[in-house]
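Colleague: attaching a predicted model along with its sequence, questions to come.
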Amino acid sequence: MLKKILIVFLVVFPFLTFSQEKEKGSTSTLKHVPIDKKDKVVKAAADTTATINMYKIITLDRDTTYVDTSLSIKKEYEVNYLRKDNFGLLPLSNEGQPYNTLDFGLTKFNPFPEMGFRAKHSAYMGVDDINYYNVATPYTDLMYRSVLEQGQVLDAFITLNTSENLNFAVGYKGLRSLGRYINELSSNGNFRFITSYNTSDKRYFVKLHFTAQDFSNQENGGIVNQNDFESGKAPYTQRERLDVYLKDATSLLKGNRYFIDHTFRLNKSNPNSLVFHHQFNYENKFFEFTEKTPSARFGESYTTSISDKTRYNRMYNMLGVAYSNETIGTIEFYLEDFNYNYFYRSIILGSNGTIETPNSVSDRINTYGARYTYQKDKWKGSILFSNSITNQSLANIDASARYTFDERNVLSARYQNMNKLPNHNFILYQSDYKNYNWPNSSLNSSFKNEKINNIEFEAKTQWVTASAQYTVLNDHLYFSNDHIDVPLVKPTDINPILVSPKQYGGTINYLSLKVGKEFRFWKLALDNTFLYQKVDQGSHVLNVPEFVTRNSLYYSDHVFKRALYFQTGFTFQYFTKYYANDYNPIIGEFYSQDKKKIGDFPLMDFFINAKIRQFRLFIKAEHFNSSFTGYNYYSAPNYPYKDFTLRFGVIWDFFS
């Protein structure tokens, strides 16, 4: 590790020596946040200077942000594998593994049925995660970060406009991390190709992308003897000495997606016109769990080796026509066609020769809907309504509004009322493990739709950031363990984990309040985020900690004649004890449990970050308190959180 730091220093040192030009302070966030338009990035032409607001990042809903090369505490939070602030997410011990959810408010609701295997989708980029670009000159973003033991994370991205109206972008994020425990290697890849185009008269807009993603993980099933881990004594401080449940198991999620969204305005000159809208999305995936030798951890098996493979594909088309008016907004009516096939290449027969577990679930869902969008002056709002035409019971109401007082003060609200179809892996699953097959004669598979009522408020002001969420869940679907643990007689005995889907017949009420505030004095700052959650339910189905906090105390300053800007400080994280969900690698899901609580342990990091022009360096001592505050830190009941790790990362942006 010292060699790596020395290499980084040798790379940075020439910039310290030769970069004597005063920094202009490039700042760019959401378009309603202050931006220094005098920030010069690069010469776009002989007599034209490109400013930072000429490098646009555009979402599918046409919200615009700008490339941000600043160094702030928010950038410190985003230097991770996900490349976003992961407050409310608790990662397992190795990079590229699933994240346990501390903040239920991060859950996104979709009325259409999805494949499932949600834990494996932590880093899977969906349609809304893909951004589109418009840049004055070619823009390149490179991110490198060290991992645990052996490997690295590398995210390379480049975008350019071949003309004012046509943009191309290509990116690839790769991860390989050995980890410190037996059988937990992660090897993930994420490729995306993106393009967007509009005609000069702004009548036709098109956005399209292709993604190819794969997430491979060795699965160890967690540690066997937690007393060895918690003792903190040698030789068990060498994590490879700890015994694990699975030593030859692997899971793989792989998927490709083809997406296009385009609109055409009928009237050539008048913006008050009919607009035709079409969206197409085809995606195919598979999830595979393999194990050379079956483990007693998951009960009896049909075969001498495990090879479970779930295949899935879907095709989505939306066709709409809208009337756009500069005064009243846009009113759109649309039809949706959702066609899916979720399947296996085998069937399971019962003792009497009848089909006990089928091999596929497939259907076509058609819906109609309407959407009203209004954006003028300081207001932006939308109301969406959709309902099924075919026999499936599916409905969705989604209303949101935002009011911008000025660039630093914004209020927003959202309401959702949803009748959601169950995800496919609740309905059907096949495995070489006998207890992991449903539907079967002992399990009622006729699940009802989930009913979700959700309301959110958020205030982003110059003084404080605050949000509140209240959610009511009916007929909530979840996974839990069917096995009742018994006292173990022999050291080799194991209480099996026999997970199956369930539906909670009661009502779950969820409330969350989140507050963020940064205090500044001189060159010091204290950044705070507090989350309070309360769940009202009859049993332990939806499990979250009551209180989560993150606090960063740091110092910032310029040195070397203002050529280098740096920040250094400490981050403290904590959450109260609760019955955290446990992870099951066979189904790629977290499941509810009420046997063991985790939490009530501090997580402390020390960091040093530096910036020279568009080069940013991040060095962090993660969880440096692990050896002196007690070895009781877990990400899930059988999965320890990461030990002390010295990490470093680099983000380098190029504008030419």
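Modeller: Here it is on my side, so go on. Model, not experiment: these values are computed from the prediction.

Colleague: if I look at the nearest residue to Met143 once chain neighbours are set aside, how far off is Ser231?
Modeller: Counting by CB to CB, 6 or more residues apart in numbering, Met143 lies nearest to Asp155, which is 4.2 Å off, once chain neighbours are set aside. To be clear about C-beta, it is placed using only N, CA and C from the backbone, and glycine gets the same treatment. Noted for Asp155: a distance of 38 Å to Ser231, by CB to CB, to the nearest Å.

Colleague: between the two, which one's more packed in?
Modeller: Asp155 (18 against 12; other CB atoms under 10 Å).

Colleague: name the element that one belongs to?
Modeller: Per DSSP states H and E, Asp155 falls inside strand 151-161.

Colleague: can you pull the buried residues of that strand?
Modeller: Using 16 or more other CB atoms under 10 Å as the test for burial, strand 151-161 gives 151, 153, 155, 157, 159-161.

Colleague: and the closest residue to Ala322 other than its chain neighbours, how many neighbours?
Modeller: Nearest non-adjacent residue to Ala322, counting by CB to CB, 6+ apart: Glu332, 3.5 Å away. When neighbours are counted by other CB under 10 Å, Glu332 registers 20.

Colleague: tell me if Glu332 really is in a strand.
Modeller: Yes: per DSSP: H, G, I helix; E, B strand; the rest coil, Glu332 lies within a strand segment.

Colleague: touching, it and Val321? I think so.
Modeller: Yes: between Glu332 and Val321 there is a contact at 7.0 Å, judged by CB atoms under 8 Å.

Colleague: overlap in contacts of the two?
Modeller: In terms of CB atoms under 8 Å, 6 or more residues apart in numbering, Glu332 and Val321 are both contacted by the residues 275, 277.

Colleague: tell me the one of the buried residues of strand 151-161 nearest Asp653?
Modeller: Asp653 has its nearest neighbour among the buried residues of strand 151-161 in Phe157, at 9.8 Å by CB to CB.

Colleague: now the residue lying closest to that closest one once chain neighbours are set aside: how far from Phe193?
Modeller: In space, and not counting its chain neighbours, Phe157 is closest to Gly171: 3.7 Å by CB to CB, 6+ apart. Note on Gly171: its distance to Phe193, by CB to CB, is 8 Å.

Colleague: kindly report the same for Arg647.
Modeller: 30 Å.

Colleague: which one's more surrounded, those two?
Modeller: Arg647 (20 against 14).

Colleague: tell me which element that one falls in.
Modeller: strand 645-654.

Colleague: pLDDT of that strand, averaged?
Modeller: Across strand 645-654, the average pLDDT comes to 95.

Colleague: what residues does that strand touch?
Modeller: Here strand 645-654 has contacts from 1, 4-5, 8, 67, 69, 75, 79, 138-148, 153, 614-623, using CB under 8 Å, 6+ apart.

Colleague: now do 7 Å
Modeller: Here strand 645-654 makes contact (CB atoms under 7 Å, 6 or more residues apart in numbering) with 1, 4-5, 8, 69, 79, 140-146, 148, 614-623.

Colleague: how far does stretch 423-439 sit from the chain's center?
Modeller: 25 Å (CA atoms, centre = their mean, to the nearest Å).

Colleague: repeat for stretch 176-192
Modeller: 17 Å.

Colleague: now do the same end-to-end measure for it.
Modeller: By CA to CA, to the nearest Å, the extent of stretch 176-192 from end to end equals 18 Å.

Colleague: show me which positions of it end up buried.
Modeller: So, applying 16+ other CB under 10 Å, buried residues of stretch 176-192: 176-188, 190, 192.

Colleague: how about Pro98: what's its closest non-neighbour residue?
Modeller: Pro98 sits nearest to Ala119 (CB to CB, 6+ apart), 3.9 Å away.

Colleague: pretty sure the one you found is in a helix, no?
Modeller: Yes: under three-state DSSP, Ala119 sits within a helix.

Colleague: partner strands of the strand of greatest length in the chain and their direction?
Modeller: Counting by DSSP state E, the longest strand found in the chain is strand 499-521. When sheet partners are counted by DSSP bridges, strand 499-521 sits next to strand 465-481 (antiparallel), strand 524-536 (antiparallel).

Colleague: could you dump these into JSON lines and include mean pLDDT?
Modeller: Converted to JSON lines, these look like this (pLDDT from 0 to 100):
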{"stretch": "strand 465-481", "mean pLDDT": "97"}
{"stretch": "strand 524-536", "mean pLDDT": "97"}
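
Colleague: double-check the residue nearest to Ala322 against Gly320; I have them as touching.
Modeller: Yes: shown here, Glu332 and Gly320 form a contact pair, counting by CB atoms under 7 Å, at 4.9 Å.

Colleague: farthest pair in the buried residues of stretch 176-192?
Modeller: Most distant of the buried residues of stretch 176-192, by CB to CB, are Ile182 and Arg192, 33.2 Å apart.

Colleague: going along the chain, name the helices of the stretch 51-200 of the chain.
Modeller: 73-78 (DSSP state H, counting those that start in this stretch).

Colleague: picking that back up, pLDDT of the longest strand of the chain, averaged?
Modeller: So the average pLDDT for strand 499-521 ends up being 96.

Colleague: how about that strand as PDB, C-alpha atoms only?
Modeller: C-alpha atoms of strand 499-521 as PDB (Å, rounded to 0.1, in the frame of the first residue of the first chain):
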ATOM      1  CA  VAL A 499     -36.500 -19.300   2.700                       C
ATOM      2  CA  SER A 500     -39.800 -18.900   0.800                       C
ATOM      3  CA  PRO A 501     -42.000 -16.000  -0.200                       C
ATOM      4  CA  LYS A 502     -44.800 -14.700   2.100                       C
ATOM      5  CA  GLN A 503     -47.500 -12.100   2.000                       C
ATOM      6  CA  TYR A 504     -48.300 -10.000   5.000                       C
ATOM      7  CA  GLY A 505     -52.100  -9.700   5.300                       C
ATOM      8  CA  GLY A 506     -52.000  -6.600   7.600                       C
ATOM      9  CA  THR A 507     -51.100  -3.000   7.100                       C
ATOM     10  CA  ILE A 508     -47.600  -1.600   7.500                       C
ATOM     11  CA  ASN A 509     -47.200   2.100   8.300                       C
ATOM     12  CA  TYR A 510     -43.800   3.600   7.700                       C
ATOM     13  CA  LEU A 511     -42.700   7.200   8.600                       C
ATOM     14  CA  SER A 512     -39.300   8.700   8.000                       C
ATOM     15  CA  LEU A 513     -37.800  12.200   8.700                       C
ATOM     16  CA  LYS A 514     -34.400  13.200   7.300                       C
ATOM     17  CA  VAL A 515     -32.500  16.400   8.100                       C
ATOM     18  CA  GLY A 516     -29.200  17.600   6.700                       C
ATOM     19  CA  LYS A 517     -27.300  20.600   7.800                       C
ATOM     20  CA  GLU A 518     -23.700  21.900   7.400                       C
ATOM     21  CA  PHE A 519     -22.200  24.300   9.900                       C
ATOM     22  CA  ARG A 520     -19.200  26.400   8.800                       C
ATOM     23  CA  PHE A 521     -16.700  28.300  10.900                       C
END
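
Colleague: sort out which residues of that strand are buried, please.
Modeller: 499-504, 508, 510, 512, 514, 516.

Colleague: equivalent analysis for stretch 562-571, please.
Modeller: 563-567, 569, 571.

Colleague: which one of these is nearest to Pro271?
Modeller: Tyr565 (43.9 Å).
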